[in-house]
Each structure stands twice: as structure tokens, then as C-alpha cells.
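Participant: okay, here's the prediction I keep looking at, along with the sequence it came from:
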Amino acid sequence: MRSTSTLADRRGLWAFVLGVAAVTVGVFLHLPMFLMGKAMHYRLAGMAMEPEMVFGMAAIVGGLLVAAWGLLPRNIAAQRAAAADIVVAAPEDARLGPAHWSLMVVLVLALVIDVMKPASLGFAVPEVGREYGVPKATASLLSFVALTGTVCGSVLWGFLADIYGRKATILLSAVFFIGTAICGAMPSLAWNVFMCFMMGIAAGGMLPVTYALLAEMMPTRHRGWSLVLVGGLGAAGGYFAASGASAVLQPIFTWRILFLLNLPTGLLLVLLGVFIPESVKFLRARGRADEARAVMARFGAEVREAPAAGRGAGPDHLPLQGLHLVGKLTALSIAAVSWGLINFGLMLWLPGDLQEKGYSIAVSSKLLAESALIALPTVFLCAFLYSRWSTKWSLVTMLALTLAGLLLVLRLELAHDGSPVVPVALLIVGSNGVLAVLLPYTAESFPLRVRGRATGWVAACTKGGGVAAQAVSIAGLVPPMALVAAFILVPVLVGTALISWFGRETRGGDLRHLDAEDAVTALA
């Protein structure tokens, strides 16, 4: 069977391989600078950049362009026109096979790597400030620009996924990951800031593309729990990987190792791309019918005519229009911003707050790693509730748990005593549950032709809250954790209320019913 790759032509394949090789070589040319700092405990601040580092950066930029050229399709306008009337759907009662399970495993690993990148910033920022001798607000520029990059990346990759295909965007983001590893060897804070922005762009696109791909490849009756399980395990696993790497490696190699890990993890993403299928719709639009049939045979999918609007659909599965569409978009966006305030605001500040309370880097990292480990079983509960009970009320329940965690953090800060384990664990459980359910619910709520963009927008909102939080950090106006928890309670409450009112049940619904022209027009 021919490879179901986006690199169907030999020219594109070799261009992509050459681009990845150039980016990898460019990163390796920066490693001597890192190793030179071993005698000074890897403190590189103020050192002059070596000529090979400049050459390495040029190789990275050139490699990215060549890899992007090899991945992106030709005749885009014709392909979009050809894809307009193609509807691919898995049989209602299709059984899960090895192809489905392998896809889920691969995408979980991809999301772990993706979530790990921005989560590492919370552990790196305090050490960055100490090495460069800058205030905490200045060091927070790393988090701010990285999160700004994720907002841009979520919108950009969501748009590209609808035009160029799901797999191409995943592979291209992996190449970006590899290139941003040089942040760990940069002797200049300004270069660190720039590379964090690029890392954010790479990280921002993985979630919406993953959910869009899974929503299109999984059988209807298995779609809900598989989306939640993959997203939840990826989110919890990514935070656990970041905190674990910080606890084990940062005391030895300083904060720089957290960025240098982008090299092996990025290469792993590229290798995992071999096991990720391209969208059948995309393959058919490119005229690669044999490959499309091979993918459909592996995943039990078939090509059908799109059902007439509303035919065979219950009231909860009809296209959203008017006030209901605006209300649901607003509700999901507010919930997403709230999650961003927690995950990229409160949770990024928490390691530093714990250190100010007397905890060491290793202890605070271990505490958060253990809390993330406690949160892992919640993913399975979310998957069960989402697929067996209710998609809408599962999201509301996770938001309620998040509220409980915020209240316990508020109580902990006001009481000035007690263990932070339970409040932090509950907050991580709730916020991970929100993310595990939020994006799958979004992916099941919008038509195929705009699914990548809609999911990308909500994913961008998850980072938007973090951008706002980090802007506060840069201004040096970070309030006490008690005030932070109290402030975040408000949008979480509003988002919960709006989703309870405007949300629709999507469990067991055929996504093709969302493809009515009026829904597409309303969203566009």
C-alpha cells in the first residue's frame, strides 16, 4: 500500500527531508555554545555568539522554508473547489480497529509534546531572571511572547488545516519545534524572547488540528470519548512531562535544558507523522483516489452524499444560527479565556509563588508533577461522562470543579497555612477536564468546512487569557494569588452560565448535519 502521506510526489518528499535535516544541523551548531558553559553551570548570559551559531540560524530559516514548500500542496484553489462537495463519514456502528487505536496513541504523544512546551515556561522564567539579572517582570516576556505566538499559531494552523490538510500542518509544526530548541543555547535574552515566540507559533496549532482530524476519522459512536481521552491525556501528560523534566533535569542543566528538549521531541513528532493519516477529503480533492481508498479501508470510512439540512437530525444536532450561534461561540470563548488565565497565568505564577513561600525549585516542581499525576484519572472520567452521559453537561461539570479549585486556592492564600497539594490538584483536575472537553465539544459543533478555523479560534482564546495574564506580569502588576483566584472566578462563572443556557447536546450526532450552507454562511 502506498504511503498515505501529504508528500505524494518525490520532489516534495525530498524537499521535506532536506528541510528537516537543515533545521536539525542548524540546532546542532548551537550545542557547542551550551557545552562551553558547563564549567559555569551553563550560565551563558553575556557571552559572544560564535560564527557557527549565525550560520546555524540561517540553516534553520532556510530549512523551514524548504520543508514548508515540500509539504504544502499545489493548485490550492482547484483543490478547494474539488473538495467542496465531498463528505466522508465513518459508518455509524463501525468497530474500532488497529488503525484507530494507533492514531489515538500517536496523537496523545503529539499533544504531550505540544502541551509540554508552553508549560515548561512556568519553571524556566524564575531561573531566566536570575541568570540575566533582570526583574521578574522582564523575564515574564518569555511567557508573554510565547503565549502570543500560540494565539497566532492557533488561528494560522487552523486556517492551514482547512486548506492544506491536517497532516501537513502537524509535520510543519514539528519542524518549527526542532528549530526553537536553539533558545536553550542563546546567550542573549532578546534572542530567547524571539525564539519563544516562534515556539508559541509551533505549539498553537497542534490542538485544533488534532481534534479536527480525530472528529473526521473516528466512528460516530466512538467519537466523543476518543476526542476527550486523547485531549485529556495529552494535556495532563504534557504538564506532567514539563514538571517532571524540570524536577529531574533543571537542577543539573538549568532552565536551558527545557528548551533544548525541543530537538529530540520535535524529531519524534516528525517520525510519528509516518503513522498519522491524511484527511480522506484532502486526498480525494488532490486526485489521490487510491490513497484515499486505502485510508477509508483502514478506518472503515465511506464517501456519502451530504444529508439535507435537518434530515434525520434531532433538534440538538441541527445547525446553529443567529443568537444561538453567537451565544455558543461567546460561551465557548469565555470558557477558553478562563482556562487560559488559569493555565498560563495562575499556574505559571504558582512555581514562583511556592518558591517565595520557601519551597525549592525541585520541591515545587515535584509538587506540581504529583498534582498532574493525580489529575490523570480524571481524563478517563471525562471520557466516560462525555460519551455516555452528556457532552454539554460534562463541560459544565468540569467548569464547576475548576471553580471549586479556585475557591480552595483562595482559602489557602487567605488562611496562610495548610498544604497546597489538594487545592492545586483539584485546580489541575478541573482545568485539565475543561480543556479535555472544551475543544472536542467545539470540534463537534461546527461544519466540516470551517471546523479547523472554529476550533482554532477557541484554541486561540485558551491562550488569549494567558497573554492578558502575562501582560500583567510584564507590567510588574501581578497581584497576590488570592486576588488572582478571586478575579478568575468571575469569567469561569459567566462561561458556565452561558454554556448551560446556549450549549447544545452533541453526543451521538452525525457531524454531516452541521454542513448545511446556512450554518457555514453564519459562521463565515
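Facilitator: Noted; the coordinates are in hand.
Participant: low pLDDT regions in the stretch 301-450 of the chain?
Facilitator: 301-325, 348, 350-376, 416-421, 446-450 (pLDDT under 70).
Participant: residue boundaries of the strands in the stretch 201-350 of the chain?
Facilitator: Secondary structure of the stretch 201-350 of the chain, counting by DSSP state E, counting those that start in this stretch: strands at 302-304.
Participant: residues contacting Leu214?
Facilitator: Neighbouring residues of Leu214 by Cβ atoms under 8 Å, 6 or more residues apart in numbering: Leu103, Met104, Leu107, Arg223, Ser226, Leu227, Val230, Pro440, Ala443. To be clear about C-beta, it is placed using only N, CA and C from the backbone, and glycine gets the same treatment.
Participant: so which of the residues you listed is the closest to Leu263?
Facilitator: Lowest distance from Leu263 to these (Cβ to Cβ) belongs to Leu107, with 21.3 Å.
Participant: okay, and that closest one sits in which element?
Facilitator: Assigned by DSSP states H and E, Leu107 belongs to helix 98-119.
Participant: give me the buried positions along that helix.
Facilitator: Neighbour-count burial for helix 98-119 flags 99-100, 103-104, 106-119 (criterion: 16 or more other Cβ atoms under 10 Å).
Participant: same thing with stretch 123-134?
Facilitator: Buried residues in stretch 123-134 (16+ other Cβ under 10 Å): Phe123, Ala124, Val125, Pro126, Glu127, Val128, Gly129, Glu131, Tyr132.
Participant: need the helices for the stretch 301-450 of the chain, in chain order.
Facilitator: 322-341, 347-356, 361-388, 391-415, 421-443, 448-474 (DSSP state H, counting those that start in this stretch).
Participant: ranking the ones you listed by burial, who's on top?
Facilitator: Comparing the helices of the stretch 301-450 of the chain by mean neighbour count (mean count of other Cβ atoms under 10 Å), helix 421-443 ranks first with a mean of 26.
Participant: return the member of the contacts of Leu214 nearest to Met57.
Facilitator: Closest approach between the contacts of Leu214 and Met57, by Cβ to Cβ: Leu107, at 31.1 Å.
Participant: next one, pLDDT for that closest one please.
Facilitator: What the model reports for Leu107 is a pLDDT of 85.
Participant: for the one 10 residues further on, same thing?
Facilitator: With respect to pLDDT, Lys117 has a value of 73.
Participant: what's near enough to touch the closest residue to it other than its chain neighbours?
Facilitator: Spatially, and ignoring its direct neighbours in sequence, Lys117 is nearest to Ala203 (4.7 Å; Cβ to Cβ, 6 or more residues apart in numbering). Contacts for Ala203 (Cβ under 8 Å, 6+ apart) come out as Asp114, Val115, Lys117, Pro118, Ala146, Gly149, Thr150, Gly153, Ser173, Phe177.
Participant: kindly report the same for Phe28.
Facilitator: Counting by Cβ under 8 Å, 6+ apart, Phe28 has contacts Gly56.
Participant: pLDDT value on it, please?
Facilitator: pLDDT recorded at Phe28 is 93.
Participant: re the thing from before, downstream of the helix holding Leu107, the next helix or strand is which one?
Facilitator: The helix or strand immediately downstream of helix 98-119 is helix 121-132, counting by DSSP H and E.
Participant: name the next helix or strand downstream of that next one, please.
Facilitator: For helix 121-132, the following helix or strand on the C-terminal side (DSSP H and E) is helix 136-139.
Participant: where does the stretch 151-300 of the chain dip in pLDDT?
Facilitator: In the predicted model, the stretch 151-300 of the chain carries pLDDT under 70 at residues 158, 162-164, 205-208, 279, 281-282, 284-288.
Participant: run the last query once more with 90
Facilitator: Where the stretch 151-300 of the chain drops to pLDDT under 90, the residues are 151-259, 261-262, 265-266, 268-300.
Participant: that one: helices as residue ranges?
Facilitator: Ranges of helices within the stretch 151-300 of the chain are 166-179, 189-204, 206-217, 220-253, 256-260, 262-272, 280-285, 289-299, based on DSSP H, counting those that start in this stretch.
Participant: and the angle for the second one with helix 220-253?
Facilitator: Between the direction of helix 189-204 and that of helix 220-253, the angle (axes from the mean of the first three to the mean of the last three Cα atoms, to 10 degrees) works out to 160 degrees.
Participant: how far is helix 189-204 from where the chain is centred?
Facilitator: 15 Å (Cα atoms, centre = their mean, to the nearest Å).
Participant: can you pull the buried residues of that helix?
Facilitator: Taking 16+ other Cβ under 10 Å as the criterion, helix 189-204 shows 189, 191-204 as buried.
Participant: between it and helix 98-119, how big is the angle?
Facilitator: Relative orientation of helix 189-204 versus helix 98-119 (the same axes, to 10 degrees): 150 degrees.
Participant: repeat for the third one
Facilitator: Counting by the same axes, to 10 degrees, helix 206-217 lies at 170 degrees to helix 98-119.
Participant: tabulate the CA atom coordinates of helix 206-217 in PDB.
Facilitator: Output of helix 206-217 as PDB, limited to C-alpha atoms (Å, rounded to 0.1, in the frame of the first residue of the first chain):
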ATOM      1  CA  MET A 206      -1.400  21.200  17.300                       C
ATOM      2  CA  LEU A 207      -4.600  21.100  19.400                       C
ATOM      3  CA  PRO A 208      -7.200  22.300  16.800                       C
ATOM      4  CA  VAL A 209      -5.600  20.200  14.000                       C
ATOM      5  CA  THR A 210      -5.700  17.100  16.200                       C
ATOM      6  CA  TYR A 211      -9.300  17.500  17.200                       C
ATOM      7  CA  ALA A 212     -10.400  18.200  13.600                       C
ATOM      8  CA  LEU A 213      -8.600  15.100  12.300                       C
ATOM      9  CA  LEU A 214     -10.000  12.800  15.100                       C
ATOM     10  CA  ALA A 215     -13.500  14.200  14.600                       C
ATOM     11  CA  GLU A 216     -13.300  13.200  10.900                       C
ATOM     12  CA  MET A 217     -11.600   9.800  11.300                       C
END
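Participant: offset the numbering so it begins at 56, please.
Facilitator: Done: numbering now begins at 56, and the last item shifts to helix 261-272.
Participant: in a markdown table: the contacts of Ala258, plus distance to Leu461.
Facilitator: What follows is the contacts of Ala258, written out as a markdown table (distance: Cβ to Cβ, whole Å):
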| residue | distance to Leu461 |
| --- | --- |
| Asp169 | 25 |
| Val170 | 21 |
| Lys172 | 25 |
| Pro173 | 21 |
| Ala201 | 24 |
| Gly204 | 27 |
| Thr205 | 23 |
| Gly208 | 27 |
| Ser228 | 32 |
| Phe232 | 32 |
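Participant: re earlier: go through the buried residues of helix 244-259 and say which is closest to Ala70.
Facilitator: Ala257 (19.1 Å).
Participant: list the contacts for the closest one?
Facilitator: Ala257 neighbours (Cβ under 8 Å, 6+ apart): Lys172, Gly204, Gly208, Ser228, Ala229, Phe231, Phe232, Thr235.
Participant: with Phe314 as the reference, measure out to it.
Facilitator: Distance from Ala257 to Phe314, counting by Cβ to Cβ, to the nearest Å: 12 Å.
Participant: mind listing the shared neighbours of these two?
Facilitator: Contacts common to Ala257 and Phe314, judged by Cβ under 8 Å, 6+ apart, are Thr235.
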